[in-house]
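What follows is a predicted protein model with its sequence.
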Amino acid sequence: MSQIKVAVSLWMKIPPWGTAKQHPDATFYTVDVIAPPGSTAEDIAAAIKSQISDFEDRK
């Protein structure tokens with residue numbers, strides 16, 4: 001199976017008002033994922049979590 005690729009950036013637009021109101025201290029991210037066919041939700045979630053952690057470490 002090919003590797004799952006994830007790109008992370010800070011949210012570049014205002015999140016929906018309801019979401020922002022419910023989570024006023026949250027940081028919102030834009031996450032782009034390229035996953036090969038057959039990737040499980042768990043594999044994709046793990047790749048996203050890893051990339052967000054790396055992104056936070058670089059900030």
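Cool, the structure landed.

Next, count neighbours for residue 16.
Residue 16 sits with 10 neighbouring residues when counted by other CB atoms under 10 Å. To be clear about C-beta, it is placed using only N, CA and C from the backbone, and glycine gets the same treatment.

repeat for residue 51
For residue 51, using other CB under 10 Å, the count is 19.

where exactly do the helices run in the protein?
Per DSSP state H, the chain carries helices over the ranges 17-22, 41-58.

Make JSON lines from those and add mean pLDDT and distance to residue 35 to it.
Putting these into JSON lines (pLDDT from 0 to 100; distance: least, CB to CB, whole Å) gives the following:
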{"stretch": "helix 17-22", "mean pLDDT": "79", "distance to residue 35": "24"}
{"stretch": "helix 41-58", "mean pLDDT": "87", "distance to residue 35": "5"}
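
which one of the ones you listed lies closest to residue 3?
Minimum separation from residue 3 across the helices of the chain (CB to CB) falls at helix 41-58, 8.4 Å.

List the buried residues of that closest one.
For helix 41-58, the neighbour count (16 or more other CB atoms under 10 Å) marks 47-48, 51, 55 as buried.

Using a markdown table, please lay out those together with distance to residue 24.
Converted to a markdown table, those look like this (distance: CB to CB, whole Å):
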| residue | distance to residue 24 |
| --- | --- |
| 47 | 28 |
| 48 | 23 |
| 51 | 25 |
| 55 | 21 |
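
Just flag the most distant two among those residues.
47 and 55 (12.5 Å).

quick one, what contacts residue 19?
Residues near residue 19 by CB atoms under 8 Å, 6 or more residues apart in numbering: residue 28.

what's the distance between it and residue 39?
Residue 19 sits 26 Å away from residue 39 when distances are taken as CB to CB, to the nearest Å.

what do you get for residue 8?
On the measure of CB to CB, residue 8 and residue 39 end up 17 Å apart.

What of residue 5?
From residue 5 over to residue 39 the distance is 11 Å, taken as CB to CB.

Could you do residue 58 as well?
Distance of residue 58 to residue 39, computed by CB to CB: 25 Å.

Good, wrapping up.
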